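Visitor: quick check, what structure comes out for this input:
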Amino acid sequence: MNASRAIIVAICLVAGALALPAFAEDLQVRLNSIGFLPDGQKRASIAAPCSGFAVVRVGDGRKVLSGKVGPPAVNPDMGETLALADFSKLHEAGAYYLEVPGVGRSAEFRIAADVYNFSYYTVMRGMYLWRCGTAVGGRHNGQTFSHGACHLDDAYLDFVGSGHAKKDGVKGWHDAGDYNKYVVNAGFTVGVLFQAWEHFGPRIRRIGLDLPESGNGTPDFLSEIRWELEWLLSMQMEDGRVYHKVSARRFGGFVMPEKDTGERYFAPWSTAATADFAAVIAIAARDFEPFDPPFARKCLAAARKSYGYLAAHPENHRADLSGFSTGAYQANDSSRRLWAAGEMWQTTGDPAYLKDFQTRANALPRKVDRTCGWANVTDLGMYTYLLSRRGGKDPSVADAIRADLLAVADEIVRTASAHGYGRPVGTAYYWGCNGDVAQQVQTLQVANMLRPDRRYVDTALDALAYLFGRNPYGRSFVTGLGHDPPLHPHDRRSANNLDPWPGYLVGGGWPKATDWQDKQENYRVNEIAINWNAALIYALAGFVEPKP
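Guide: This is a model prediction of the structure:
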């Protein structure tokens, strides 16, 4: 880190919208540095011998609550002995820190009904800042982040049998720390975001995102998704098949997007991409209908065409990616066909789609999986089916899915309760595990909609706490938010900026908890990706305070 950056970092790190205190917080006192809801569970993990703690108000230094810590216990993934401080009895809004005699202080945190609003805004704005095919810009905590219009030549057809001709493939989001665009990961990402809208729309629809489209009559949340949808629509072939990705042949250098001027290409089609497309474009048809009926009709026609192709061609077809060394996102299409059938039914009510979904669901020995991601989207289809108010469901299928979902949610609660940091995936560490920490919240929230249980809500909040500082590092894993957030994510834009672009969740340590490194070159643990951000957006959306 150069000297000027070190000075800026020292004075500009923030906990949400609050500046950190002048003292150096002791990383042995680890908690959610964004803060807590007034009526929510409030816990800290202390990695040092201690007996008591006090909650101190920032400003006047008054101790507002004192308590004893729980009995020490060894956390198996780290071998640490941790003590738990529970200060859930404190409900009064304000700014505080935890003081542990003989150990030190925590980072500052807030208690407020809107404590997650700024984080939600920042992470959702991160999607806007990922836009491809246009100039973007915005400010975060007094700093400006921007780049010029990029990748306006997307993309060439050399690898799909049409020679060196160009077809419109502009718009969409850059996928991760690189600038390519992949349908399979986009499908999962948009699906999660649409479910955030359908589950928490009243909470998030009035939170403006300061987009170029703001004020156009469509909620900002949907306007941002539309930027990705319009790219996805350009990926559909005449017969309904969908190209797998738009990509350079190999990963480009660490330059700003507008300077990444190498040729990019459509990659051959796949049934996985086609089924993902059918699912999310079907959702778009119903969610945009109140705001833009012509666009909704366009989406429904496109979804029907891709679903029809899949119905006529039941074999799994993988894309030939031999001309590329960029991300593959190859996956079996079975979970996607199930998801597409469920979304087509929810949008249209057509019993043929319902029959397809229920036949596929009934054949699965386990209806709901512990994790959901681009490689397996079964859970997204199950959530839509369970929460649908449409008639005609087979009660035996619905009951089996519901039982599996609640069993998985209960398993997540038990796992988090047994972990010293409340981590809902326990001691499992793997590529993008922080994204899965956030993704667990979706299962918990859907379970809570079906069978309200305070344990589901508390475990969901524990997942957010882990990502924002109650973890072995005592640091936030989201750029620009919370205490001591990542400074060197694997992100080409951030590599060309004094400070990292804000609002991005990094992947997290693996194969061990101690393997996270805040180093740009270590993409294995410090890359960013749209699917992980989508999971975090969903997790935050359920806890924002609706604006009047």
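Visitor: need the contact list for the nearest residue to residue 536 once chain neighbours are set aside.
Guide: Excluding its sequence neighbours, the residue lying closest to residue 536 (Cβ to Cβ, 6 or more residues apart in numbering) is residue 438, at 4.4 Å. Just so you know, the C-beta spots here come from the backbone N, C-alpha and C atoms, and that holds for glycine as well. For residue 438, the contacting residues are 463, 464, 467, 505, 532, 535, 536, 538, 539, by Cβ atoms under 8 Å, 6 or more residues apart in numbering.
Visitor: list just the nearest of the residues you listed to residue 519.
Guide: Each of these was scored against residue 519 by Cβ to Cβ, and residue 505 proved nearest at 16.5 Å.
Visitor: can you tell me who the closest one pairs with across the strands?
Guide: Under DSSP bridges, the beta-bridge partners of residue 505 are residue 478.
Visitor: show the contacting residues for it.
Guide: Contacts for residue 505 (Cβ under 8 Å, 6+ apart) come out as 123, 434, 435, 438, 467, 477, 478, 528, 532, 533, 535, 536.
Visitor: one step back: and the contacts of residue 438, which two are furthest apart?
Guide: 464 and 532 (13.6 Å).
Visitor: any idea how far stretch 304-319 is from the chain center?
Guide: Centroid separation between stretch 304-319 and its chain, computed with Cα atoms, centre = their mean, to the nearest Å, is 28 Å.
Visitor: swap in stretch 490-501?
Guide: What separates the centre of stretch 490-501 from the centre of its chain is 20 Å, taken as Cα atoms, centre = their mean.
Visitor: quick check: mean pLDDT of that stretch?
Guide: Here the mean pLDDT over stretch 490-501 is 95, rounded to a whole number.
Visitor: same check, this time on stretch 185-193
Guide: Averaging the model's pLDDT scores along stretch 185-193 yields 98.
Visitor: swap in stretch 374-390?
Guide: Stretch 374-390 shows an average pLDDT of 98 in the prediction.
Visitor: which of the residues in it are buried?
Guide: The neighbour-count criterion (16 or more other Cβ atoms under 10 Å) identifies 374, 376-386, 388 as the buried residues of stretch 374-390.
Visitor: contact partners for residue 83?
Guide: Contacts of residue 83 were listed using Cβ under 8 Å, 6+ apart, and they are 45, 46, 48, 49, 50, 69, 70, 71, 72, 73.
Visitor: burial of the nearest residue to it once chain neighbours are set aside, as a residue count?
Guide: In space, residue 83 comes closest to residue 69 once its chain neighbours are excluded; the distance is 4.1 Å by Cβ to Cβ, 6+ apart. By other Cβ atoms under 10 Å, the residues close to residue 69 number 20.
Visitor: same question for residue 548.
Guide: Neighbour number of residue 548 under other Cβ under 10 Å is 4.
Visitor: again, but for residue 80
Guide: By other Cβ under 10 Å, 18 other residues sit near residue 80.
Visitor: report the beta-bridge partners for it.
Guide: Here residue 80 shows beta-bridge partners residue 75, assigned using DSSP bridges.
Visitor: identify the residues contacting it.
Guide: Here residue 80 is in contact with 47, 74, 420, 472 (Cβ under 8 Å, 6+ apart).
Visitor: which pair in those spans the largest distance?
Guide: Using Cβ to Cβ for every pair in the contacts of residue 80, the one that comes out farthest apart is 74 and 472, at 13.3 Å.
Visitor: which one of the two has more residues nearby?
Guide: When neighbours are counted by other Cβ under 10 Å, residue 74 and residue 472 differ, and residue 472 comes out ahead with 22 against 10.
Visitor: what about stretch 239-253, start to end distance?
Guide: The first and last residues of stretch 239-253 sit 36 Å apart, counting by Cα to Cα, to the nearest Å.
Visitor: same check, this time on stretch 107-124
Guide: Taking Cα to Cα, the first and last residues of stretch 107-124 lie 24 Å apart.
Visitor: do the same with stretch 129-147
Guide: Stretch 129-147 has an end-to-end distance of 9 Å (Cα to Cα).
Visitor: who's in contact with that stretch?
Guide: The contact list for stretch 129-147 (Cβ under 8 Å, 6+ apart) reads 12, 14, 17, 122, 125, 128, 148-152, 154, 170-174, 179, 181, 210, 227, 231, 256-258, 480, 493, 497-499, 501-503, 530.
Visitor: same check on stretch 349-364?
Guide: 307, 311, 334, 337-338, 341-342, 344-345, 367, 378, 381-382, 385, 390, 392-394, 397, 400-401.
Visitor: isn't residue 243 up against residue 237?
Guide: Yes - with contacts defined as Cβ atoms under 8 Å, residue 243 counts as touching residue 237 at a distance of 7.0 Å.
Visitor: tell me which of the two has more neighbours.
Guide: Legend: neighbour count by other Cβ under 10 Å for residue 243 and residue 237, higher for residue 243 (26 against 15).
Visitor: show me where the stretch 401-548 of the chain has strands.
Guide: According to DSSP state E, counting those that start in this stretch, the stretch 401-548 of the chain carries no segments that qualify as strands.
Visitor: any stretches of it with poor pLDDT?
Guide: Judged against pLDDT under 70, the stretch 401-548 of the chain has no low-scoring part.
Visitor: what ranges do the helices span in it?
Guide: Using DSSP state H, counting those that start in this stretch, the helices assigned to the stretch 401-548 of the chain run over residues 433-450, 454-467, 492-495, 523-526, 530-541.
Visitor: nearest to residue 325, out of these?
Guide: When the helices of the stretch 401-548 of the chain are ranked by proximity to residue 325, the top entry is helix 523-526, at 14.2 Å, counting by Cβ to Cβ.
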